[in-house]
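# Using only what follows, build the 3D model:
(2 chains)
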Protein chains: 2
Amino acid sequence: MNGWGAREVMDTGAEITIRHARAEDFDALWPILRAVIRAADTYTIEPGLTREAVRRMWMDTPRATYVAGIGGEVQGTYTIKTNQPGGGAHVCNCSYMVAPAARGRGLARAMCLHSQDEARTMGYLAMQFNFVVETNLGAIALWDDLGFETVGRLPRAFRHPAEGLVDARVMYKWLGD
Amino acid sequence: MNGWGAREVMDTGAEITIRHARAEDFDALWPILRAVIRAADTYTIEPGLTREAVRRMWMDTPRATYVAGIGGEVQGTYTIKTNQPGGGAHVCNCSYMVAPAARGRGLARAMCLHSQDEARTMGYLAMQFNFVVETNLGAIALWDDLGFETVGRLPRAFRHPAEGLVDARVMYKWLGD
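The predicted model follows:
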């Protein structure tokens, strides 16, 4: 698979491969990020962000950024960052995005499993999702299946473009022993 | 009270006054912020932050910063910021700090009441505290008394310098109608 350095590839089963993002991946990532951000129905990201602002947010700010491919074509991406500094720095946060055309093929599951391994390797003891929109049923079912517990519910904390004010969940998984 | 412009003062009862912070207030704020940050037992802030990094974090980054005085002397401070961008931007977040020597005199209560009024004026519909450390009993009792609901519990999410890993709460109050 051209462009996927064998040393950094983790094969997660089927034809999905996941590796660290490189600067030149952003051309392939931008349409995926743009589709999710412009839809504005799952993430609390300003929907009008410019390409350059999104590049900084996704590529520069996190501790690490990954791309996920199917058959060598980039179809998903995720980031890991420290969720809180200081006394909260043992808990990480991840954000995942999948190209609309590639949904239902196990990419989000593969990325979440991969991210838990990466997080453990980095020394994190837990992973927290700060804001899982209540209407994002697929994500909630998947995180639930992967062992994340709903530890909080934020009433009417998200303004959904179609549904209006809806709740959001805080989901959490302990990764340590 | 010298230096407290009458137009921007809100008298919250007793001798407590609260106003917007000005750049020159930071000299008086720094010892308060430093004491709370270095103690590292209530906020998820890197305890070793430099004065300049704290100045940026407290004075430049938030949407607004306030100082609270007793008899005209700065003894407390708080900030308001938007908790999440995009679809979460109707929820604000506040952080409050009180000088150790001025605790128990109602400053935190006065600042929290003041911040709710300010937040409503700014158009926010809710206020969220993302991380209230479980051992911070005074804060929990106060927020509870002021109508904040515990909407989440983050297991072992805070490394307390004396107690080790302890839980943190997410607390939330709807400010709209």
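# how about the residues of chain A near chain B?
For chain A, the residues in contact with chain B (C-beta under 8 Å from any C-beta of the partner chain) are A:40-41, A:43-47, A:84-91, A:125-126, A:128, A:130-131, A:133, A:151-161, A:165, A:168, A:170, A:172, A:174. C-beta: built from backbone N, CA, C; applies to glycine.
# Centroid-nearest residue for chain A?
Residue closest to the average C-alpha location in chain A (C-alpha atoms, centre = their mean): A:Tyr96, at 1.7 Å.
# What ranges does chain A have for its strands?
Secondary structure of chain A, counting by DSSP state E: strands at A:10-11, A:16-20, A:64-70, A:73-82, A:91-98, A:126-133, A:149-160, A:164-174.
# what's A:Thr61 sitting at in phi/psi?
The phi and psi values for A:Thr61, taken as degrees, to the nearest 10, are phi -70, psi -40.
# Quickly list what whichever residue of chain A sits closest to chain B is bridged to.
Nearest to chain B, among the residues of chain A, is A:Gly152, at 2.1 Å (C-beta to the nearest C-beta). According to DSSP bridges, the residues that bridge with A:Gly152 are A:Val170, B:Gly152.
# A:Glu163 and A:Val133 touch, don't they?
No: applying C-beta atoms under 8 Å as the test, A:Glu163 and A:Val133 come out as separate, 9.2 Å apart.
# if we can go back for a sec, now the residues of chain A next to chain B: which count as buried?
Buried residues within the residues of chain A next to chain B, defined by neighbour count using 16 or more other C-beta atoms under 10 Å in any protein chain shown: A:40-41, A:43-47, A:84, A:86-91, A:125-126, A:128, A:130-131, A:133, A:151-160, A:168, A:170, A:172.
# and A:Tyr78, what does it touch?
In this structure, A:Tyr78 makes contact with A:65-66, A:68, A:94-97, A:111-112, A:114-115, judged by C-beta atoms under 8 Å, 6 or more residues apart in numbering or on different chains.
# likewise A:Ala39?
By C-beta under 8 Å, 6+ apart, the contact set of A:Ala39 is A:47, A:161.
# What pLDDT does the model give it?
Confidence at A:Ala39, expressed as pLDDT, is 95.
# Test my guess that the residue of chain A closest to chain B contacts B:Arg153.
Yes: under the contact definition of C-beta under 8 Å, A:Gly152 touches B:Arg153, with a separation of 7.0 Å.
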